[in-house]
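Q: the following comprises the amino acid sequence and a computationally predicted model.
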Amino acid sequence: MLDTMQRRLEALGGSWPQVNAVQVYTVHNIHPFLRDEIVRRTGNGGGLTWHYCRPPIEELEYEMDVRSVAMERVIELA
């Protein structure tokens, strides 16, 4: 999956250091892969959010998305 994401980033003219956030959706334990696979590749610059849930497509066991924005504003509602 990381190779696929890298190819997609490159096709859009991007790279891992430009990524602000990585999101992973799976019910499988990703801890054994965090350091040696995911963080090594992504640099974890924007952080990683693991959503402990099944992806919305039935046959998938793992889904990942990344984003890169120049400025991100988060508005908290009180």
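A: The structure has been received and is ready for your questions.
Q: drop to CA atoms for contacts and neighbour counts, all remaining ones
A: Noted.
Q: quick one: low-confidence parts of the protein?
A: By pLDDT under 70, the weakly predicted segments of the chain are 44-46.
Q: the spatially most central residue of it in helix, strand or coil?
A: Closest residue to the average C-alpha location of the chain: residue 22 at 2.5 Å, with C-alpha atoms, centre = their mean. Following DSSP: H, G, I helix; E, B strand; the rest coil, we place residue 22 in the strand state.
Q: report the buried residues of the longest helix anywhere in the chain.
A: Taking DSSP state H as the criterion, the chain has its longest helix at helix 2-11. For helix 2-11, burial by neighbour count (16 or more other C-alpha atoms under 10 Å) applies to 6, 9.
Q: show me what the residue nearest to the centre of the chain bridges to in the sheet.
A: Here residue 22 shows beta-bridge partners residue 48, residue 66, assigned using DSSP bridges.
Q: if I look at it, how far off is residue 16?
A: Applying C-alpha to C-alpha, to the nearest Å, the value for residue 22 to residue 16 is 10 Å.
Q: what is the neighbour count of residue 42?
A: Applying other C-alpha atoms under 10 Å, we find 21 residues neighbouring residue 42.
Q: pull out the buried positions in stretch 55-70.
A: For stretch 55-70, using 16+ other C-alpha under 10 Å, the buried residues are 55, 62-64, 66, 68.
Q: looking at those residues, which are in strands?
A: Taking DSSP state E as the definition of strands, the buried residues of stretch 55-70 contribute 63-64, 66.
Q: which among those gets closest to residue 75?
A: Distance to residue 75 across those (C-alpha to C-alpha) is lowest for residue 66, with 20.4 Å.
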